[in-house]
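S.K.: A predicted structure for the sequence below; I have some questions about it.
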Amino acid sequence: MKVRTEMLREGWIISKPVLANTETPIVDVGKQLTTFDIDLIRAFLINEIEVDIAQKNESNASESKNDNTSLEFISIYQEAMKLYRTHFVSWESGGPLNIVEFRKILIPLIDYIENTTIKKIPRPSVTLKDDKDKIVHHSLLCTLLSTLIAQKLNYSKGDIIQVGVSAALCNAGYAKYHFKSIQQLENSPDYKNHPMHSYRIVEKVQFLRDQMKIAILQHEERLDGSGYPLKLKATHINEYASILGASAYFFNKVLFSNEDLNDFQIIEHLNKECFGKFHPTVIDSINQIVINYQLGDKVLLSNGIIGKIVYQSRNEITRPVVKEENSDRVIDLTKERKVFIEQILL
């Protein structure tokens, strides 16, 4: 993350060596910034450097706990990816969905999300060896977000599990395409029928309710009739389908977009591009999950400036007014369109 040097703080971690016409870095990668380091960097008249704003603080018990929790979550997620892929390979060979075993993969993820205070939509860092892994990753990410949305909508525990499991099965139909790349998959003339293939896989399983099976079939449908495969409109599309569809849209932007977008930018796309396409309750829930800042919260902007939120627009929730730290300058993000919130600072 590039940050202007006048905004630097003690404790931030150097993520790229700081050079100043010297053979060796004046501050090397991985160094936790001290007051001396900051003064040194400024003395060389360096305008900006790359840092990781997460602070190393081994004496802080709560941070240590969060680190352990994060490691626990990544371990659970990696195991789920490995097991999901085993099922996906079985579907490619024409094998049936073993819903009892498949459900066991997802319950630890769903329970983790339910029992942990999530500050943002989880994006676990994993190694993807091929595009099939990317589909598996997308499926599990959709389970995480769908679970969070169902929680926001005050669904019962049983419904939350149903939604989470259904989200992971929306991509099951891709197994019928025997693809080697995402491009090959998307270029298939039958591509827009993949919700039908997913539905056929879940059609006769006992665990999933009929409403959830229909939601899997409808997850690419849109309220305005612009979706597929049946081009249904609002009165025929249930809220569960919008949860699954909006989650898939969100992580399509994360994994398959040519742009490198953060959560705030994706929310901006979701509210503009998908207006009238998903149930408003679902969009509102995602907004609440991502846009969890309040007046007075400190944020890092994409131009490296740190400031406090002093005003929030109801019409453009991702673009508040920010007062620059240690300055009277006020930045209205509704007018500064090239600048966006990069991260909320704790």
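M.R.: That came in fine, so what should we check first?

S.K.: okay, and for the stretch 101-250 of the chain, where does confidence drop off?
M.R.: By pLDDT under 70, the low-scoring segments of the stretch 101-250 of the chain are 117-120.

S.K.: now the helices for it?
M.R.: Listed in chain order, the helices of the stretch 101-250 of the chain (DSSP state H, counting those that start in this stretch) span 131-152, 157-169, 182-186, 194-202, 210-218, 239-255.

S.K.: can the ones you listed go into TSV with extra columns for mean neighbour count and distance to Glu92?
M.R.: (Glycine included, C-beta is placed from N, CA and C.) Converted to TSV, the helices of the stretch 101-250 of the chain look like this (neighbours: other Cβ atoms under 10 Å; distance: least, Cβ to Cβ, whole Å):
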stretch	mean neighbour count	distance to Glu92
helix 131-152	23	9
helix 157-169	23	15
helix 182-186	14	12
helix 194-202	21	11
helix 210-218	21	18
helix 239-255	23	20
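
S.K.: what about the strands in the stretch 201-346 of the chain?
M.R.: 298-301, 306-311, 321-324, 330-332, 341-345 (DSSP state E, counting those that start in this stretch).

S.K.: what of the stretch 1-150 of the chain?
M.R.: 2-4, 13-14, 48-52.

S.K.: now for the shortest one, which elements pack on it?
M.R.: In other words, strand 13-14. Using 3 or more Cβ pairs under 8 Å, 6 or more residues apart in numbering; DSSP states H and E, the elements in contact with strand 13-14 are strand 48-52.

S.K.: hmm, back to that, now render the helices of the stretch 101-250 of the chain as TSV, adding distance to Leu19.
M.R.: Formatted as TSV, the helices of the stretch 101-250 of the chain follow (distance: least, Cβ to Cβ, whole Å):
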stretch	distance to Leu19
helix 131-152	35
helix 157-169	46
helix 182-186	38
helix 194-202	49
helix 210-218	53
helix 239-255	32
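
S.K.: which one, of those helices, ends up nearest to Ile74?
M.R.: With Cβ to Cβ, the closest approach to Ile74 among the helices of the stretch 101-250 of the chain belongs to helix 131-152: 12.1 Å.

S.K.: CA atoms only: put that closest one into CSV for me.
M.R.: The C-alpha trace of helix 131-152 is given here as CSV (Å, rounded to 0.1, in the frame of the first residue of the first chain):
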residue,chain,number,x,y,z
ASP,A,131,-8.8,-22.7,-12.8
LYS,A,132,-10.7,-25.6,-11.3
ASP,A,133,-9.3,-24.5,-7.9
LYS,A,134,-10.6,-21.0,-8.7
ILE,A,135,-14.1,-22.3,-9.2
VAL,A,136,-13.8,-24.2,-5.9
HIS,A,137,-12.5,-21.0,-4.2
HIS,A,138,-15.4,-19.0,-5.7
SER,A,139,-17.9,-21.5,-4.4
LEU,A,140,-16.6,-21.4,-0.8
LEU,A,141,-16.3,-17.6,-0.8
CYS,A,142,-20.0,-17.5,-1.8
THR,A,143,-20.8,-19.7,1.2
LEU,A,144,-19.1,-17.2,3.5
LEU,A,145,-20.8,-14.2,2.1
SER,A,146,-24.2,-15.9,1.8
THR,A,147,-23.9,-16.9,5.5
LEU,A,148,-23.2,-13.3,6.5
ILE,A,149,-26.2,-12.1,4.5
ALA,A,150,-28.5,-14.7,6.0
GLN,A,151,-27.4,-13.6,9.4
LYS,A,152,-28.0,-9.9,8.6
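
S.K.: that's all I had, so thanks and see you.
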